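K.L.:
have a look at this prediction, sequence included:
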There are 2 protein chains.
Amino acid sequence: MHDPSDPPCHAAGLGAAIKLDYKRIRMNLSEGPSMKATYREVKADILSKITKGHWAPGSLIPNEVELAESYGCARATVNRAMRELADDGLIERRRKAGTRVRSSPVRQARFDIPLVRREIEDKGAEYRYSLASRSIEGAPDWLRARLQLEAGAEALHLVCMHYADGDPFQHEDRWINLGALPQAADADFTQTGPNEWLVATIPFSTAEISFSATLADRALAEYLACDTGAPLFTVERATWFEGDANTFVRLTYRPGHRMTTRY
Amino acid sequence: MHDPSDPPCHAAGLGAAIKLDYKRIRMNLSEGPSMKATYREVKADILSKITKGHWAPGSLIPNEVELAESYGCARATVNRAMRELADDGLIERRRKAGTRVRSSPVRQARFDIPLVRREIEDKGAEYRYSLASRSIEGAPDWLRARLQLEAGAEALHLVCMHYADGDPFQHEDRWINLGALPQAADADFTQTGPNEWLVATIPFSTAEISFSATLADRALAEYLACDTGAPLFTVERATWFEGDANTFVRLTYRPGHRMTTRY
DNA sequence: CAGTGGTCTAGACCACTGA
DNA sequence: CAGTGGTCTAGACCACTGT
């Protein structure tokens, strides 16, 4: 994930394809300090020792000073390689105890959370947006619970649709906390979606996101032009900015949608 | 994601809560080089400048040398702070062009992909495993396509169930490529699941993972003790080791399952 | 070609933590 | 208390890339 050669959208580069400098092709990193190694080469070499089983899961790796000597580089260089491997979940480091190969590597995947517009345009399809309904309501109990809002909090409730080449792609059911974002009441959501407005207004926030499967009820089926009872992939997201909840959204995708990544 | 103070399982620490050294409490990082700053302090300070709007999205940030002077630290220290912010998707760096605040930050979330056993035991429930069926079959066409297997490839097909406190939790439909893992044919999957065997056998591999929603058919409904037609959250994963596909699995969760994270 | 980030170094001190 | 990783430095050279 640090490696600039990783594809930008995916993660945890196990296959750290390093750009090979042909001057270095002949060197055998496992042997002597024939040439100084870069941190990427060190990282790649250690990685291969792990994946090829030379260093078994759970076993202790030489310490940084020793590795630096054997690779013929500075300790800081080894340190960076090891730190990234630790971030990638492949090794475990503890002071005094040393560094070990993880017995069962942490499996983690990183997902991009794109704006719908980009998601659609990246497919090469034409994006279209439409606002289905807009109202200001007292926040219902489930929403107040979810966002930790006070009793009596008011929210802007929007229902929108996103289309790809004219076909329904995603249904958006959004609540904006007017206590934190009163200016949302004056925003015009008929031309662009609330997501784009929010990104422009509060670009940096923390979020809680969850994925699940839901059944198409009558209304959703009509919006998404699918059968009632279809299984739909759903994303819910709540975001906060400086402690205040500002929005909750439920995004429901058309049938068959998948979210994919590599790691 | 680099910050050791982040919770271990989640990601992209926007709220980089740094452990405050009380000796430093009085210093104002935005002012002079009254005291040397650590990379975490630099990172936190830059982050706050961004989130609080002092540095607008799209705007240019001072270069490393200038920042190092204003924070009273070495350029390498600023570099590490900035590199991590770039990894977190908050800023964009280009040689010669300098560093800019991302106009719309890259939203990405990191998910842990736990073993089912851990997932269940972490809930405080008792884990139970059961093998429902086992057979060696020619790989069906869809599987050969998905894993890029040759015609005539043989696969071990396993169907398993995972229970939490006796209730069905997850249905596992797994195919193991016997071309790459012939020893799987001799493994005993009656006591422990194929996942644990695979982790022990080929701990490091690359994977493609995808999430979707599927409908419970008759068989799934019986396995999961739910109604036919229930919407089920599904994870599919294919893994490769050194270019050879070794397994494909479809994991279907009991109704109502959610996968959640923060970022 | 010049400005910016990318990386490396040799050495230093610090912080944790296992024995 | 001693060994290991965590971080910082001051300086250097390199690799891109905008102008």
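P.N.:
That came in fine, so what should we check first? Please read all numbers here as calculations on a predicted model, not as lab measurements.
K.L.:
elements contacting the lowest-mean-pLDDT helix or strand in chain A?
P.N.:
Taking mean pLDDT, DSSP states H and E as the measure, chain A has strand A:108-112 as its least confident helix or strand, at a mean of 83. Here strand A:108-112 touches strand A:259-262, strand B:108-112, going by 3 or more C-beta pairs under 8 Å, 6 or more residues apart in numbering or on different chains; DSSP states H and E. For glycine as for every other residue, the C-beta is placed from the backbone atoms N, C-alpha and C.
K.L.:
return the most buried member of those.
P.N.:
Burial of these is given as mean neighbour count (mean count of other C-beta atoms under 10 Å in any protein chain shown); strand B:108-112 ranks first at a mean of 21.
K.L.:
so residue A:41 is in which element?
P.N.:
helix A:39-51 (DSSP states H and E).
K.L.:
ok, back up a step: between the least confident helix or strand of chain A and strand B:108-112, how many degrees?
P.N.:
160 degrees (axes from the mean of the first three to the mean of the last three C-alpha atoms, to 10 degrees).
K.L.:
any bit of the following helix or strand past strand A:108-112 sitting next to chain B?
P.N.:
Downstream of strand A:108-112, the first helix or strand assigned by DSSP H and E is helix A:116-122. No: if you take C-beta under 8 Å from any C-beta of the partner chain as the test, helix A:116-122 misses chain B, and the best it gets is 9.1 Å.
K.L.:
I'd like the next helix or strand past helix A:116-122.
P.N.:
Sequence order places strand A:127-138 as the next helix or strand after helix A:116-122, per DSSP H and E.
K.L.:
buried set for the helix or strand following that next one?
P.N.:
Per DSSP H and E, the first helix or strand lying C-terminal to strand A:127-138 is helix A:141-147. Buried residues in helix A:141-147, defined by neighbour count with 16 or more other C-beta atoms under 10 Å in any protein chain shown: A:143-144, A:146-147.
K.L.:
of those, closest to residue B:129?
P.N.:
Comparing the buried residues of helix A:141-147 against residue B:129 with C-beta to C-beta places residue A:146 closest, at 34.3 Å.
K.L.:
one step back: turn the buried residues of helix A:141-147 into CSV, including distance to DNA strand D and pLDDT.
P.N.:
Listed next are the buried residues of helix A:141-147 as CSV, based on distance: C-beta to the nearest atom of the strand, whole Å; pLDDT from 0 to 100:
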residue, distance to DNA strand D, pLDDT
A:143, 39, 96
A:144, 39, 95
A:146, 35, 94
A:147, 34, 94
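K.L.:
host element of the residue nearest to residue A:244 when sequence neighbours are not counted?
P.N.:
With sequence-adjacent residues excluded and distances taken as C-beta to C-beta, 6 or more residues apart in numbering or on different chains, residue A:244 is closest to residue A:180, at 4.2 Å. Secondary structure assignment for residue A:180, by DSSP H and E: no helix or strand.
K.L.:
I'd assumed residue A:239 was in contact with residue A:180.
P.N.:
No: with contact taken as C-beta atoms under 8 Å, residue A:180 and residue A:239 are classed as non-touching, separated by 10.2 Å.
K.L.:
neighbour-wise, which of these two wins?
P.N.:
Neighbours were counted for residue A:180 and for residue A:239 using other C-beta atoms under 10 Å in any protein chain shown; residue A:239 has more, 22 against 19.
K.L.:
check the secondary structure at that one for me.
P.N.:
Look at residue A:239: counting by DSSP: H, G, I helix; E, B strand; the rest coil, its state is strand.
K.L.:
thinking it is in contact with residue A:246, fair?
P.N.:
Yes: in this structure, residue A:239 is within contact of residue A:246 by C-beta under 8 Å, at 5.9 Å.
K.L.:
any common contacting residues for those two?
P.N.:
A:198, A:202, A:205 (C-beta atoms under 8 Å, 6 or more residues apart in numbering or on different chains).
K.L.:
quick one: the first one from DNA strand C, how far?
P.N.:
In this case it means residue A:198. Applying C-beta to the nearest atom of the strand, to the nearest Å, the value for residue A:198 to DNA strand C is 29 Å.
K.L.:
same thing with the second one?
P.N.:
The spacing between residue A:202 and DNA strand C, counted by C-beta to the nearest atom of the strand, is 26 Å.
K.L.:
beta partners for the residue most central in space within chain A?
P.N.:
Most central in chain A under C-alpha atoms, centre = their mean is residue A:111, positioned 3.3 Å from the mean C-alpha point. Beta bridges link residue A:111 to residue B:109, judged by DSSP bridges.
K.L.:
contacts only, for it.
P.N.:
With contact set as C-beta under 8 Å, 6+ apart, residue A:111 has these partners: A:259, A:261, B:108-111.
K.L.:
between which two of those residues is the distance greatest?
P.N.:
Across the contacts of residue A:111, the longest distance by C-beta to C-beta is 13.8 Å; it joins A:259 and B:110.
K.L.:
residue A:106 contacts residue A:91, doesn't it?
P.N.:
No: with contacts counted by C-beta under 8 Å, residue A:106 stays clear of residue A:91, the gap being 10.2 Å.
K.L.:
the two: which is more packed in?
P.N.:
Taking other C-beta under 10 Å, residue A:106 and residue A:91 do not tie; residue A:91 has more neighbours (21 against 16).
K.L.:
pairing partners for that one in the sheet, please.
P.N.:
residue A:101.
K.L.:
my read: it touches residue A:83, true?
P.N.:
No: using C-beta under 8 Å, residue A:91 is not in contact with residue A:83, being 9.6 Å away.
K.L.:
so what sits against both of residue A:180 and residue A:239?
P.N.:
Common neighbours of residue A:180 and residue A:239 are listed as A:245-246 (criterion: C-beta under 8 Å, 6+ apart).
K.L.:
returning to that earlier point: figure out how far the least confident helix or strand of chain A is from the centre of its chain.
P.N.:
5 Å (C-alpha atoms, centre = their mean, to the nearest Å).
K.L.:
now do stretch A:224-244
P.N.:
16 Å.
K.L.:
do the same with stretch A:119-132
P.N.:
With C-alpha atoms, centre = their mean, you get 21 Å for stretch A:119-132.
K.L.:
residue contacts, the nearest residue to residue A:117 once chain neighbours are set aside?
P.N.:
Closest residue in space to residue A:117, ignoring its immediate chain neighbours: residue A:127 at 4.9 Å, by C-beta to C-beta, 6+ apart. Residues in contact with residue A:127 (C-beta under 8 Å, 6+ apart) are A:116-117, A:120-121, A:162-164.
K.L.:
ok, 6 Å please
P.N.:
Counting by C-beta atoms under 6 Å, 6 or more residues apart in numbering or on different chains, residue A:127 touches A:117, A:120-121.
K.L.:
any idea which element the residue in the stretch 151-263 of chain A that chain B sits nearest to lies in?
P.N.:
The minimum distance from the stretch 151-263 of chain A to chain B, using C-beta to the nearest C-beta, falls at residue A:213 (3.4 Å). In the assignment (DSSP H and E), residue A:213 maps to strand A:206-215.
K.L.:
DNA strand D contacts on the stretch 1-150 of chain A?
P.N.:
Along the stretch 1-150 of chain A, the residues adjacent to DNA strand D under the rule C-beta under 7 Å from any atom of the strand are A:19, A:61, A:63-65, A:75-76, A:79, A:82-83, A:86, A:93-99.
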